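S.K.: give me the fold of what follows.
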Amino acid sequence: MPFTRARELTLRLDRIACEGHGACTELLPELLSPDEWGYPIVHGTAVPPELGSHARRAVAACPVLALRLERSGG
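M.R.: The predicted structure is shown next:
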């Protein structure tokens, strides 16, 4: 049976769609922080497995769908 790598989650931000509501930065401070105007700054796009549920919650909380998770690898 061949070895298969676990699929990694990658965080993506659409800076044009983002309106700076700030929900994502409150729900995922390990990977996101607000700039001086409230827009998120992404601190690394790879989501560690232990933060997967937090990342999904942050994505779901975005009212303009500017934040998304993508699967890579595998």
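S.K.: ok, residue 47 - how many residues close by?
M.R.: By the measure other CB atoms under 10 Å, the count of residues near residue 47 is 21. In this view, the C-beta of every residue, glycine as well, is placed from N, C-alpha and C.
S.K.: typed the wrong thing, it's residue 60
M.R.: Counted by other CB under 10 Å, the residues lying close to residue 60 total 13.
S.K.: mind giving me the packing neighbours of the helix or strand encompassing it?
M.R.: Per DSSP states H and E, residue 60 falls inside helix 52-61. Contacts defined by 3 or more CB pairs under 8 Å, 6 or more residues apart in numbering; DSSP states H and E place helix 52-61 against strand 8-13, helix 23-27, strand 67-72.
S.K.: can you redo these as CSV with mean pLDDT, mean neighbour count and distance to residue 61?
M.R.: Output for the helices and strands packed on helix 52-61, formatted as CSV (pLDDT from 0 to 100; neighbours: other CB atoms under 10 Å; distance: least, CB to CB, whole Å):
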stretch, mean pLDDT, mean neighbour count, distance to residue 61
strand 8-13, 94, 18, 13
helix 23-27, 97, 19, 4
strand 67-72, 92, 14, 8
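S.K.: and residue 11, what does it touch?
M.R.: With contact set as CB atoms under 8 Å, 6 or more residues apart in numbering, residue 11 has these partners: 31, 32, 42, 45, 46, 47, 55, 67, 68, 69.
S.K.: so the fifth one makes contact with residue 8?
M.R.: Yes - distance between residue 46 and residue 8: 6.1 Å, which falls inside the contact criterion (CB atoms under 8 Å).
S.K.: residue contacts, residue 44?
M.R.: With contact taken as CB under 8 Å, 6+ apart, residue 44 is in contact with residue 31.
S.K.: just to revisit the earlier point, how about the contacts of residue 11 in CSV, adding distance to residue 18?
M.R.: Listed next are the contacts of residue 11 as CSV, based on distance: CB to CB, whole Å:
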residue, distance to residue 18
31, 15
32, 11
42, 11
45, 15
46, 20
47, 18
55, 16
67, 8
68, 11
69, 15
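S.K.: lowest pLDDT pick from these?
M.R.: Least confident of the contacts of residue 11 in the model: residue 45, at 86.
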